[in-house]
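A.B. asks: Make a model of this:
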Amino acid sequence: MSKRVIRDAKKYISPALVFHSDIAVRKAKGIYVEGEDGRVFMDFTSGLATANLGHSPTEVIKAARAQMDRLVHSGCIFYYESEVELAKRLKKITPRGIDMFFFSNSGAEAVEGAIKLARFYTGRQGILAFMGGFHGRTYGALTLTTSAVKYRKKYHPLLPSVYHSPYPYCYRCPMGQRVETCSIDCAEYLERVFKYQISPDEVACAIIEPVLGEGGYIAPPMKFMKRLKDICRREGILIVADEVQTGFGRTGRWFASDYFDLDPDIITLGKGIASGFPLSALGARRSIMSKWTPGAHGTTFGGNPVSCAAACATIDKIEGDKVLLNAQEMGTYALTRLRALKERRRSIGDVRGLGLMIGVEFIKKDGSPDKEETARVIKKCLKAGLVLVECGVDRNVIRIMPPLTVTVREMKKALDVFEEAVV
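C.D. replies: Predicted structure coming up:
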């Protein structure tokens, strides 16, 4: 069965879609995935940071089934409770000031909406983004994305008036600074953009991942985010926080913006919002969103009643089961063990992260990125029953992103496998 599924997938599914393993899944529950051949794996990818409550969480499935018995689709013809209830729930947990929402299907769609809203509201065209950021692969979102050149190859020209600035990747500082003496040159680089490329009064927004995702699981220094916020407020530039991967507890708080007091004007949400059901959201301050005129943006499937019900149940589960606290505690445990491992293994150059969004960077003896060792460790872990994926522009960072409900026993078992694989 497993070989047939994989063979048929390669025959009928576009090769543009990359699969990260040769596992054909029969079923999945919690942290465990069972293949068609009967093998069981620990999934430390969470469906790319989406199954934050583990696979097929009972309460979420129950809520989705109940909604399916009432209404499956509306297509903007009717109002319905699950969408309105979700908007009200999101207002309570998103960063202060975010109080109106537009629902869509994927993170990339939410980012496209953010671009349109920022330009529509400000009347400006320029957009600032950051090197290494990943915002999606639709045309507008792709223009912002610089986490790998392969995503952009053969698609030029892309969206005009988008300008990229260095992201504070302190382990490999793009400005050649040392952490001890860093003067946040990467933030000050924005002033150069304003001097040489575009006047700040022509910039609609700056979009940033509060923790870099696909670009390497990199959390910026607090002072960088403060400087960015100060510059944007000074110039009337909207702050857009792309929380598609960092949101819904992944970093140990509802949203990574909360760590940095970023106070975004616009926020994009996806992945973990509905525990695997297709849903994303664009949130903004009422003063901004209310200026969007009817028909200026739209969707057929966005805000699907079933997905919205699943999202409400997801929020209930995170709140009721102290999932954020568990993500913090398990993240601290994992970081402690991984940093201790780093001291014993020369192949590990850096261990970093917030909550259960942890990156382990592999290096060669000369300190350069080691893509081959990263792939070897992932392959060895998979053989031992642990599923991991990499990230980073050089593909030399392994992501530790298990479900936020992971137990101490499960975390210990997974890290034991990981330590055994690292030489």
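A.B. asks: Now the closest residue to L212 other than its chain neighbours. Its backbone dihedrals?
C.D. replies: Take L212 and drop its neighbours on the chain: the residue closest to it by C-beta to C-beta, 6 or more residues apart in numbering is I218, 4.0 Å away. C-beta here means a position set from N, CA and C on the backbone, and glycine is covered the same way. Dihedral pair for I218: phi -120, psi 120, per degrees, to the nearest 10.
A.B. asks: so I218 makes contact with G353?
C.D. replies: No - at 9.1 Å, I218 and G353 do not qualify as touching, with contact defined as C-beta atoms under 8 Å.
A.B. asks: Find the residues that touch each one of the two.
C.D. replies: V211, G359 (C-beta atoms under 8 Å, 6 or more residues apart in numbering).
A.B. asks: separation between P369 and E390?
C.D. replies: Relative to E390, P369 is positioned 11 Å away (C-beta to C-beta, to the nearest Å).
A.B. asks: Please enumerate the shared neighbours of these two.
C.D. replies: N396.
A.B. asks: for the residue nearest to L212, what are its contacts?
C.D. replies: Per C-beta under 8 Å, 6+ apart, neighbours of I218: G132, Y167, P168, Y169, C170, Y171, V211, L212, R352, G359.
A.B. asks: let's see 10 Å
C.D. replies: 132, 167-172, 209, 211-212, 350, 352-353, 359, 361, 391-392, 397 (C-beta atoms under 10 Å, 6 or more residues apart in numbering).
A.B. asks: chain center to stretch 14-21, what's the gap?
C.D. replies: Remark: stretch 14-21 is offset 19 Å from the chain centroid, using C-alpha atoms, centre = their mean, to the nearest Å.
A.B. asks: Please export the alpha-carbon coordinates of that stretch; PDB is fine.
C.D. replies: Extracted as PDB, the C-alpha positions of stretch 14-21 are listed here (Å, rounded to 0.1, in the frame of the first residue of the first chain):
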ATOM      1  CA  SER A  14       2.900  18.000  -9.400                       C
ATOM      2  CA  PRO A  15       6.600  17.700  -8.700                       C
ATOM      3  CA  ALA A  16       6.600  21.400  -7.600                       C
ATOM      4  CA  LEU A  17       5.100  20.100  -4.300                       C
ATOM      5  CA  VAL A  18       8.000  18.900  -2.100                       C
ATOM      6  CA  PHE A  19       7.400  16.000   0.300                       C
ATOM      7  CA  HIS A  20       9.800  15.800   3.200                       C
ATOM      8  CA  SER A  21       9.700  12.100   3.700                       C
END
